[in-house]
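**Student:** what follows is a predicted protein model with its sequence.
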Amino acid sequence: MTMGDTRHFLTLLDFSPAELQQMIQRAIVLKQEHRAGTDQRTFPGAVLGMIFAKSSTRTRVSFEAGMAQLGGHAMFLSPQDTQLGRGEPVEDSARVISSMVDIVMIRTFGHDIVERFAAHSSVPVINALTDDYHPCQLLADMQTWAEHRGAITGRSVCWVGDGNNMCQSYINAARQFDFELRIACPPGFEPDRELLAANSSRVRVEHDPAMAASGADLVVTDVWASMGQESEQLERAKRFAPYQVNAELMSRAASDALYMHCLPAHRGEEISAELMDASDTVIWDEAENRLHAQKALMETLLLANR
């Protein structure tokens, strides 16, 4: 397979809606098999190169455990331990690393980094988070919805908070999974204008969170200040204070609405402690599903690259 034929997962748009649905269903099966103790070592000897420029809990554990469960090995690479942090061009690193491993995941800042790496990689590249998109989390979120509520087609989703990489991934998800998305954010914190314009038939910005959440089937939030924005934390806390997901906001959503958070969560800020610690929350299912959804993703990409 030539470099140009290699499939990557940099955003949800890299797979068709049908392929994404198939991947979600496969993730559900892999989860059931895992809980039943089924041997899933279908890729013995496969090596996953994990490149981290941003720290992580769920991403590292889920990818490393997932590759081990598939019979392979995961290799952790950070800028402190490699030439990646010492000025070696991304393109050169891509050529070398992809010649020695079977699949690569990258968690970094600029989205252009994963695009440049993928363009020069001979093996599949997974975007495990950039400043613009976090598509792996959306696979887990869509799996969680499917497990609890079935098809999300035609449903109403409310995003509450910053127009960040998660919000922008939800915009792509609205397109690929065919649901309505209402984005509640303070003025000045909207997602990318071009992305909004390209999806205006399904997505709208509503600065009033109560209006945005009205009748929603799913309410989703994230931290108010992402990695790299720590210096803005206090100012953002003031601007985002009316945008907390709590019992009052959820009372405006549909009676059986779910709420999700990709974690880590700041109780009392973007989400109330009451909702985080509720016995019926699906947030912990959502977190676990990173493992299963990413196993389905890696399986799909490894098979496509054979």
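**Tutor:** Thanks, I have the structure now. Numbering: from 1, shown residues only.

**Student:** tell me the gap between the longest helix along the chain and the middle of its chain.
**Tutor:** Determined from DSSP state H, the single longest helix within the chain is helix 283-304. With C-alpha atoms, centre = their mean, to the nearest Å as the basis, helix 283-304 stands 11 Å off its chain's centre.

**Student:** just the buried residues of it, please?
**Tutor:** 283, 285-302 (16 or more other C-beta atoms under 10 Å). Yep, even glycine has a C-beta here, placed from its N, CA and C like the rest.

**Student:** quick one: contacts for the nearest residue to residue 269 once chain neighbours are set aside?
**Tutor:** Nearest residue to residue 269, sequence neighbours excluded (C-beta to C-beta, 6 or more residues apart in numbering): residue 224, at 6.1 Å. Taking C-beta atoms under 8 Å, 6 or more residues apart in numbering, we find residue 224 in contact with 161, 162, 233, 236, 237, 240, 243, 266, 269, 270.

**Student:** out of these, which one has the weakest pLDDT?
**Tutor:** The lowest pLDDT within these belongs to residue 233, which sits at 82.

**Student:** where's that residue, which helix or strand?
**Tutor:** If you go by DSSP states H and E, residue 233 is part of helix 233-240.

**Student:** mind giving me the packing neighbours of the next helix-or-strand element following that helix?
**Tutor:** Remark: after helix 233-240, the chain's next helix or strand is helix 247-250, criterion DSSP H and E. Under the contact criterion of 3 or more C-beta pairs under 8 Å, 6 or more residues apart in numbering; DSSP states H and E, the helices and strands touching helix 247-250 comprise helix 209-213, helix 273-276.

**Student:** so residue 48 sits in a strand?
**Tutor:** Yes: counting by DSSP: H, G, I helix; E, B strand; the rest coil, residue 48 falls inside a strand.

**Student:** where are the low-confidence patches of the stretch 51-200 of the chain?
**Tutor:** Under the criterion pLDDT under 70, the flagged ranges of the stretch 51-200 of the chain are 85.

**Student:** mind listing the helices for it?
**Tutor:** If you assign secondary structure with DSSP state H, counting those that start in this stretch, the helices in the stretch 51-200 of the chain sit at 58-69, 90-98, 111-119, 135-149, 165-177, 193-198.

**Student:** redo those as TSV? Include distance to residue 45.
**Tutor:** Listed next are the helices of the stretch 51-200 of the chain as TSV, based on distance: least, C-beta to C-beta, whole Å:
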stretch	distance to residue 45
helix 58-69	11
helix 90-98	16
helix 111-119	23
helix 135-149	24
helix 165-177	32
helix 193-198	39
